[in-house]
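>>> Okay, sequence plus prediction incoming.
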Protein chains: 2
Amino acid sequence: MRFLHTADWHIGKKFNGYDLLADQRQIIDQILAIAQREAVDAVVIAGDLYDRGVPPVEAVALFNEKVAAMNLTHKLPLLAIAGNHDSSVRLETGGPWFSHTDFYLHTRLDQAFTPVVLGDTQFFLLPYFEPIAARLAFEDEQLKTISEAMVPVIAKIKEQFDPEKRHVLVTHFFVAGALRTDSETKIEVGGLDNVPAELLADFDYVALGHLHGKDAIKHPTIQYSGSPLKFSLSEAKQEKGVFIVDTEAMTREFVALTPAHDVGVLTASYAELLDPTFYNQIRREHFWQIKLTDRAVIPNLMNTLRGIYPRILGVERVSGVGVSNKALVNQSQLPQERKPQELVTDFFIEMTGEELSSPQLDWLQKAFTAITKQ
Amino acid sequence: MRFLHTADWHIGKKFNGYDLLADQRQIIDQILAIAQREAVDAVVIAGDLYDRGVPPVEAVALFNEKVAAMNLTHKLPLLAIAGNHDSSVRLETGGPWFSHTDFYLHTRLDQAFTPVVLGDTQFFLLPYFEPIAARLAFEDEQLKTISEAMVPVIAKIKEQFDPEKRHVLVTHFFVAGALRTDSETKIEVGGLDNVPAELLADFDYVALGHLHGKDAIKHPTIQYSGSPLKFSLSEAKQEKGVFIVDTEAMTREFVALTPAHDVGVLTASYAELLDPTFYNQIRREHFWQIKLTDRAVIPNLMNTLRGIYPRILGVERVSGVGVSNKALVNQSQLPQERKPQELVTDFFIEMTGEELSSPQLDWLQKAFTAITKQ
């Protein structure tokens, strides 16, 4: 059989304050189009369907619409699990009815132990869980960490192995050796939330969610699909897409996705940024982190740039602001060695790329005088 | 055919701060038992399944468990609509799959125009909607109120009438002539949110939700089921239950429900309330509003009573507190004619039935002095 592997949709997520719902709608439609073009037998979604436990109502509407389109209109079997961003109880709503049309949405640990069989393959859908769930399930108080909890979980899954079938694990964890980016929630510190790759050696394919880069782990049988969209600047250079897995040949093929708005870094001078011959050559409406090469103070910088680049993520100065040489020099000093006024003015320049205006300086002076008086 | 008519479950509601989830679980189980004993062909739930748009996760778990038990385990067809307390978008989750097993959960106005046919009856499931939905559906800007909006809605429903069938409307509004209680949300003031009973004359039965008293309207074919539990003191004397409707004979029969904890008023002296021969004769664990016949000040009143009566709704004095005769006399004065200290002490007595203690009076005096100084 052939299936499409995706994960980390994070429906309802905002990116530096920008609503991503239209981008998510477009990218899910693209995933559906790929599934149809590739004539897959199922779509696997490895967790973090939503960005949070109580998603905005518009996110719920989008998710409901798209899974109904995939599963009911296009008759695609869906195999999905809850991730750490999902509320397993809320996501469970409708679950017992979904399986009537081959939509398997597993939200509880115990559901991982009943394989879903499609064609030549047993799928084990293991949702994100906390160690407490394993302690209760196995009545073993020693299971304090995910790496400890995963041992009996995988053992119990393997007891269900049909030797005549392929074995695919769908799950949502940090597998040891993987690299993180900024947009994934850090669950625990210290590596105790890791799943050692060796533990997953007996599966023909492990369809992972959780980390947003598809190359987070390089392994012959363990694969993150990556998120379908870039959710942070640290993902700017990642290639986003889905995997098409063939269980007969046991091959996987990456298929790239094209977002409505890409994420990138623009390094340019202010004059260039305002020049139509510059900005007409690039996709102004993308999410841009701007690296300004100017050192001069520029009034009304952000508003002017936003008029041309509507999705600015932030503005940095490549070589600092000219007038704040002092501030840059001062950064070697400890904060407590510097005057409060200096700290405020430097911070303002660092954040906005602009100097405090004369009324702002007046106001600041008055505020400090008032504080000192008390 | 025969169906059970219930409404206004308000899962997740709290009653004066007391969690009702266990009571709601018990009462839903009782409704299921009645449905089985009466061998009904369907259960109708006329809106306000949840108490609010984003119910607590425990409420979601209870609802999911109970509808799965009714519809999947016991194979009972369910006909349900969203009420004004429900989020129609959130409640819609799973809807397109539910109908595969005769669970019809209508959350949008347009769904009312496709009848659900069970046996000899066409059911029209008309969820709670705002006039804006009718303005959009009928492209008529004049539909400003529910009573205006309901005219084309009912006309369009009647176009779907099969003359060979019975016609049952399931909806969730204030039908003119009905009486309100404290626990129903007032939607609009002025009666523009009313549905005139005449408009509903052509239905064989109108299964209503919204008002919590089954006797809110006396009409040959229009019936509120009432809520299955008492949700406010003003419902203390209401009889709670469900209706069993027979569409062949076109009869309806009330079947009472027995709550885990009833709601009532206890009028007694403090000495009686503390006397085991008194409280062993009543159900101490019920929700009691206590009317104290004493006039004396009683220290630590609420804590002592709560030790015996764990679900006290409130304590009132039948004849006021002895020491606060002054306060009672003073009530004829306008608040601005009285001293702030008096207002606070009287208010405290009124709310708690206790006088301010000496440290409390000290603190109050200091607070007023501090205020006057400024």
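Here it is on my side, so go on. Note that the structure is predicted; figures quoted are calculated from it, not measured.
>>> Contacts for stretch A:107-115, please.
A:81-82, A:86, A:88-89, A:91-92, A:95, A:106, A:122-127, A:129, A:133-134, A:137, A:153, A:156-157, A:160, A:162 (Cβ atoms under 8 Å, 6 or more residues apart in numbering or on different chains). The way it works is simple: take the backbone N, C-alpha and C, and place the C-beta from them, glycine included.
>>> CA atoms of that stretch as PDB?
Extracted C-alpha coordinates of stretch A:107-115, given in PDB (Å, rounded to 0.1, in the frame of the first residue of the first chain):
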ATOM      1  CA  THR A 107      -6.000  10.200  21.400                       C
ATOM      2  CA  ARG A 108      -5.400   7.700  24.200                       C
ATOM      3  CA  LEU A 109      -2.300   5.500  25.000                       C
ATOM      4  CA  ASP A 110      -4.400   2.300  25.100                       C
ATOM      5  CA  GLN A 111      -5.600   2.800  21.600                       C
ATOM      6  CA  ALA A 112      -2.000   2.200  20.300                       C
ATOM      7  CA  PHE A 113      -2.300  -1.500  21.200                       C
ATOM      8  CA  THR A 114      -5.000  -2.200  18.600                       C
ATOM      9  CA  PRO A 115      -3.400  -2.000  15.200                       C
END
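>>> picking that back up, the contacts of stretch A:107-115: which ones sit near chain B?
Counting by Cβ under 8 Å from any Cβ of the partner chain, A:Val89, A:Glu92, A:Gly95 from the contacts of stretch A:107-115 sit close to chain B.
>>> Out of those, the closest to chain B would be?
A:Val89 (4.8 Å; Cβ to the nearest Cβ).
>>> So which elements touch whatever helix or strand that closest one lives in?
Assigned by DSSP states H and E, A:Val89 belongs to helix A:88-91. Packing contacts for helix A:88-91, counted by 3 or more Cβ pairs under 8 Å, 6 or more residues apart in numbering or on different chains; DSSP states H and E, involve helix B:57-68.
>>> Neighbouring strands - and their directions - for the next helix-or-strand element following the helix it packs on?
Where DSSP H and E defines the elements, the next helix or strand beyond helix B:57-68 is strand B:78-81. Sheet pairing of strand B:78-81 (DSSP bridges) gives strand B:42-45 (parallel), strand B:103-106 (parallel).
>>> Test my guess that A:Ala80 contacts A:Leu105.
Yes: here A:Ala80 lies in contact with A:Leu105, judged by Cβ atoms under 8 Å, at a distance of 4.8 Å.
>>> wait, what's in contact with A:Tyr309?
Residues in contact with A:Tyr309, defined by Cβ under 8 Å, 6+ apart, are A:Leu266, A:Leu273, A:Tyr279, A:Arg284, A:Glu285, A:Trp288, A:Ile290.
>>> Considering those, which possesses the most neighbours?
Neighbour tally across the contacts of A:Tyr309 (other Cβ atoms under 10 Å in any protein chain shown): the maximum, 28 neighbours, falls on A:Trp288.
>>> Could you say which helix or strand holds the residue lying closest to that residue once chain neighbours are set aside?
Spatial nearest neighbour of A:Trp288, excluding adjacent residues (Cβ to Cβ, 6 or more residues apart in numbering or on different chains): A:Leu266 at 4.8 Å. In the assignment (DSSP H and E), A:Leu266 maps to strand A:263-268.
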